[in-house]
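S.K.: Generate a structure from the sequence data that follows.
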Amino acid sequence: MTHTLKAHWWAFLLRGIVALIFAAACIFLTGAAIYALVLWIGVFFIVDGLIMVWGAIRSLSDTGHRHWWWPLFGGLVGIAAGALTLWWPGITALTLALFIGWWALVTGVIELIIALRFRNALPNEWMWVVSGILSMILGALMAIFPAAGLVAIVWMIGWYAALAGISLIVFSMRLYRAHNAT
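M.R.: Numbering: from 1, shown residues only. Okay, here's the model as predicted:
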């Protein structure tokens, strides 16, 4: 596992760079970031629903399968969810804030467990620990205070992404040095 992490130092570097780009978008284009995210979710729901409906119709016409109505129903629900998302983006954004909060909390716990489990094998694993702790803090704040304002949440995400990105870049450089030393 240690050798694999050292050999793939560049993956941590890329994750850090992407996190910094995402952070800049959240901090400097806050309103646009919220609106774009909600729009993409709505469009995704609609496109996914249309594909499910198309698949159900194809299944019925190609095979006469008697369970064609389940994907049809799922597709219609997806289309309706997408339409509602585009119709009421504020509710979607609040719900999304809750989902992101729980995702960050779980991701942080997993990163922390992995970093602590391999602490004897990894040089300076504390950067991965920092990334996990930052994820857990962000997740807890977002899960507890979802209505505190989407702008504040997007800024927290931005600053989290910036700090996590820096942590991952520093960690990748340490892995790179350790990889080249072996």
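S.K.: Pull stretch 157-177 out as CSV, backbone CA atoms only.
M.R.: Below are the C-alpha coordinates for stretch 157-177, written out as CSV (Å, rounded to 0.1, in the frame of the first residue of the first chain):
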residue,chain,number,x,y,z
ILE,A,157,-16.8,24.9,0.9
GLY,A,158,-14.4,27.2,-0.9
TRP,A,159,-12.1,27.7,2.0
TYR,A,160,-12.3,24.0,2.9
ALA,A,161,-11.3,23.2,-0.7
ALA,A,162,-8.5,25.7,-0.6
LEU,A,163,-7.0,24.3,2.7
ALA,A,164,-7.6,20.7,1.6
GLY,A,165,-6.1,21.4,-1.8
ILE,A,166,-3.0,22.9,-0.2
SER,A,167,-2.8,19.9,2.2
LEU,A,168,-3.0,17.5,-0.6
ILE,A,169,-0.4,19.3,-2.7
VAL,A,170,2.0,19.4,0.2
PHE,A,171,1.3,15.7,0.9
SER,A,172,1.8,14.8,-2.8
MET,A,173,5.2,16.6,-2.7
ARG,A,174,6.3,14.6,0.3
LEU,A,175,5.1,11.4,-1.4
TYR,A,176,7.0,12.4,-4.5
ARG,A,177,10.2,12.9,-2.5
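S.K.: That one - what's its average pLDDT?
M.R.: Confidence for stretch 157-177, expressed as mean pLDDT, is 92.
S.K.: With stretch 96-105 instead?
M.R.: What stretch 96-105 shows for mean pLDDT is 82.
S.K.: what's the spacing between Ala152 and Pro89?
M.R.: Summarising the geometry, the distance separating Ala152 from Pro89, computed by Cβ to Cβ, to the nearest Å, is 17 Å. C-betas here are computed from N, CA, C, even on glycine.
S.K.: the more surrounded of these two?
M.R.: Here Ala152 and Pro89 are compared on neighbour count by other Cβ atoms under 10 Å; more neighbours surround Pro89, at 18 against 14.
S.K.: Mind telling me what element the closest residue to the more buried one other than its chain neighbours is part of?
M.R.: Among residues not flanking Pro89 along the chain, Val38 sits closest, at 4.2 Å (Cβ to Cβ, 6 or more residues apart in numbering). Taking DSSP states H and E as the definition, Val38 sits inside helix 30-63.
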